[in-house]
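1. any chance you could fold what I've pasted below:
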Amino acid sequence: MWGTFPNVPGLLNLLKGTFRNVPHDMRTRHPRKMADVLSELLVRTGCARVQATESLKQVWHSVVKEPLAAYTRLGHVRRGVLEVYVAHSPLLQELSFRKKELLAGLMDRLPDEGIKDLRFRLAAVE
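-> The predicted structure follows:
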């Protein structure tokens, strides 16, 4: 299990107070709060991003509504553009017509995500 996370042995050594396998930016001579170490661990392993993605998915389903949301899948947010994969061409066109409304709903509910635009793409959706 621990082999899937990057440099977990180094983080464990950091908790023990030794500096073997610990990156230089994490080394300190003073004790650190456990909350700081754990938050850094979440950021470095990518777990924080997974939680943010799940909240984005929930907000997307509430903005689009369930009959349509079932035929969409969210992609990545790159440079403020959220990629949305859509199963059918007519649905892609419908979402394109409602783009301003959907974008306003996302920006109201998730202002910290920095979503400025939506890009719809035709793709297979599970």
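2. I'd like the average pLDDT over the strand or helix carrying Q93.
-> Taking DSSP states H and E as the criterion, Q93 maps to helix 89-97. Averaged over helix 89-97, pLDDT sits at 94.
3. ok, and what's touching that helix?
-> 64, 68, 71-72, 84, 86, 102, 118, 120-122 (C-beta atoms under 8 Å, 6 or more residues apart in numbering). C-betas here are computed from N, CA, C, even on glycine.
4. try 6 Å
-> 71, 86, 120, 122 (C-beta atoms under 6 Å, 6 or more residues apart in numbering).
5. quick one, phi/psi of E66?
-> Phi and psi for E66, reported as degrees, to the nearest 10, are phi -60, psi -40.
6. can you get me a residue count around it?
-> Neighbour count of E66, defined by other C-beta atoms under 10 Å: 8.
7. quick one: the nearest residue to K99 once chain neighbours are set aside from D36, how far?
-> In space, K99 comes closest to L118 once its chain neighbours are excluded; the distance is 5.6 Å by C-beta to C-beta, 6 or more residues apart in numbering. Distance of L118 to D36, given as C-beta to C-beta, to the nearest Å: 36 Å.
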